[in-house]
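*Asks:* just to be clear, the model below is a prediction. Sequence and coordinates:
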Amino acid sequence: MPFGRKRKLFGESDEEREETGVVGVGERVEPFALRYVREREVGIVRGANLIQQAKERFFGRQLSVINEREFDSQGYDKAFAAAWLDGATVLVGTKCNQLLKLDVDGKVFSKISLGNEAATAEAVGRDVCGIHSVVLNPSETLVATGGPDPKQCAVFDTQGLTRQQLFEGHRDWVFGMDWLDDEHFVSGSRDKSVKIWKFDPTLGPVAGPVGEHSTTDSHEAKVRDVKYCKAENAIISVSLDGKIRTWDPDRLECMSEFELNSIHRSEIACTAVKDSLLAVGCRDWIAMVDLRMDHQYWALELVHPDFSVRSLQYHDDVLSCGTGNGWISFIDVRRSQRYMELERPVCRGKAVRTDYHLEVGEGTKTDGPFWHLLEGVQTGNAVYAHCWDRSRSRMFACGGPLSAGLKGCYMGVWE
């Protein structure tokens, strides 16, 4: 198997670990402030390193004390994508093709017009796909998401949330999107293509791919997700057959191709990228691919296999994973490459239990033809998306029933 060696790729030696003083949750260490004062007295300055250590320690403690506040999402079907607009507002895309603005503090939902409600209703009735991506550009002035038809992309301004431009060219559902800069974004579709678009209002309200090198159809299977890796200046596309390709963003020429092992490419659903490290989520595994080292990778099995990875998100050097049974787990990528232990309080904080995950709430169920078949059976919600706000003190999570035939929705904030 093409596993990379953990220590060489991402880990530290025992000596490095001792030098930095970074420790696991529950280990006893000298307080950071006291250490800083003592080191300063002897002329040792480690300001940046100390701040990084403090962030890591704080995040580990934060996960042990945050609690869920669930929202009433009755009437919506499966929230597939989400992004924070500011510290109190989240933009959510659903399977029923609704773009929702959620006031987290006021618990108020506002529907955002996609620009053609008749086309939205027709597309939902025909395709039942919805909005799979909501992503802000680097300056956070624009947001790219799905259009009235699941084959379209749309760009909205983040202030008024009015549609600025619609993009047409895909022949099937759009699964993934990411910005390359403040004007260009990339999309991947079930039609096996990857396309680059340019936001330019002078081109009119509806635009297509711009330029000779704006489309590639070289994937042999459906493109499940796309990401832009700034560290490598490369577009990354992942298809359902386990093929990972990197593309030159200027000419959309394939720079490299890599294939995951057969056991690591079943039900590929999502990706996340930080620096040069790509995470790919599939049924039972998370594959961690180092884009710098000839695509070597190592894989981590889910805490409980068979529930499938549904969303991935980086928080500094911690990768969070949302699963099909409603769990969110956290992996320390840089140090241990293992799941973090969470000491969750029980019984009014007088006792603690150690878990490897948070578990989301029950959500709401929408009447449908299949729920009666599961009467008396406990069904959880898949976590299709989760994201942290700018302060890194709140995590929004959303999803719904994993089965395609069941209608329902979950939305909640952990703080």
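*Replies:* Yes, it's here. Numbering: from 1, shown residues only.
*Asks:* where along the stretch 101-250 of the chain do the helices fall?
*Replies:* 117-127 (DSSP state H, counting those that start in this stretch).
*Asks:* low-confidence ranges in it?
*Replies:* 116-128 (pLDDT under 70).
*Asks:* let's see that with 80 instead.
*Replies:* Low-confidence segments of the stretch 101-250 of the chain, defined by pLDDT under 80: 116-128, 210-212.
*Asks:* just so I have it, where are all the strands in it?
*Replies:* With DSSP state E, counting those that start in this stretch, the ranges of strands along the stretch 101-250 of the chain come out as 108-112, 134-136, 142-146, 153-157, 163-167, 174-179, 184-189, 194-198, 206-207, 215-216, 223-229, 234-239, 243-247.
*Asks:* and what about Leu63, helix, strand or coil?
*Replies:* With DSSP: H, G, I helix; E, B strand; the rest coil as the basis, Leu63 sits in helix.
*Asks:* was I right about Ile263 contacting Trp285?
*Replies:* Yes. Counting by Cβ atoms under 8 Å, Ile263 touches Trp285, with 7.0 Å between them. Backbone N, C-alpha and C define where each C-beta goes, glycine included.
*Asks:* and the two? Which one has more around it.
*Replies:* Trp285 (21 against 15; other Cβ atoms under 10 Å).
*Asks:* beta-bridge partners for that one, please?
*Replies:* Glu301 (DSSP bridges).
*Asks:* surely it and Trp298 touch.
*Replies:* No. Trp285 lies out of contact with Trp298 (Cβ under 8 Å); the separation is 10.1 Å.
*Asks:* picking that back up, adding distance to Val360 and mean neighbour count, write the strands of the stretch 101-250 of the chain out as a markdown table.
*Replies:* Formatted as a markdown table, the strands of the stretch 101-250 of the chain follow (distance: least, Cβ to Cβ, whole Å; neighbours: other Cβ atoms under 10 Å):
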| stretch | distance to Val360 | mean neighbour count |
| --- | --- | --- |
| strand 108-112 | 18 | 14 |
| strand 134-136 | 19 | 20 |
| strand 142-146 | 23 | 25 |
| strand 153-157 | 27 | 21 |
| strand 163-167 | 31 | 21 |
| strand 174-179 | 23 | 25 |
| strand 184-189 | 27 | 25 |
| strand 194-198 | 32 | 23 |
| strand 206-207 | 38 | 16 |
| strand 215-216 | 37 | 18 |
| strand 223-229 | 22 | 24 |
| strand 234-239 | 25 | 25 |
| strand 243-247 | 29 | 21 |
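*Asks:* now those strands in JSON lines, with distance to His357?
*Replies:* As requested, those are exported to JSON lines (distance: least, Cβ to Cβ, whole Å):
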{"stretch": "strand 108-112", "distance to His357": "27"}
{"stretch": "strand 134-136", "distance to His357": "24"}
{"stretch": "strand 142-146", "distance to His357": "29"}
{"stretch": "strand 153-157", "distance to His357": "33"}
{"stretch": "strand 163-167", "distance to His357": "38"}
{"stretch": "strand 174-179", "distance to His357": "25"}
{"stretch": "strand 184-189", "distance to His357": "29"}
{"stretch": "strand 194-198", "distance to His357": "33"}
{"stretch": "strand 206-207", "distance to His357": "43"}
{"stretch": "strand 215-216", "distance to His357": "38"}
{"stretch": "strand 223-229", "distance to His357": "23"}
{"stretch": "strand 234-239", "distance to His357": "24"}
{"stretch": "strand 243-247", "distance to His357": "27"}
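*Asks:* out of these, which gets nearest to Leu102?
*Replies:* The closest of the strands of the stretch 101-250 of the chain to Leu102 is strand 108-112. By Cβ to Cβ, the value is 5.7 Å.
*Asks:* which other helices and strands contact that closest one?
*Replies:* Helices and strands touching strand 108-112, by 3 or more Cβ pairs under 8 Å, 6 or more residues apart in numbering; DSSP states H and E, are strand 99-103.
*Asks:* got the CA coordinates for the strand it packs on in PDB?
*Replies:* Extracted in PDB, the C-alpha atoms of strand 99-103 (Å, rounded to 0.1, in the frame of the first residue of the first chain):
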ATOM      1  CA  LEU A  99     -30.400  29.100   0.300                       C
ATOM      2  CA  LEU A 100     -31.000  30.200   3.900                       C
ATOM      3  CA  LYS A 101     -29.600  33.000   6.000                       C
ATOM      4  CA  LEU A 102     -29.600  32.000   9.600                       C
ATOM      5  CA  ASP A 103     -29.300  34.500  12.500                       C
END
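*Asks:* that strand: which residues count as buried?
*Replies:* Leu99, Leu100, Leu102 (16 or more other Cβ atoms under 10 Å).
*Asks:* in its sheet, what does that strand sit against?
*Replies:* Sheet partners by DSSP bridges: for strand 99-103, these are strand 89-94 (antiparallel), strand 108-112 (antiparallel).
*Asks:* confirm for me that Asp225 is in contact with Met177.
*Replies:* No. Between Asp225 and Met177 there is no contact under Cβ under 8 Å: 9.2 Å.
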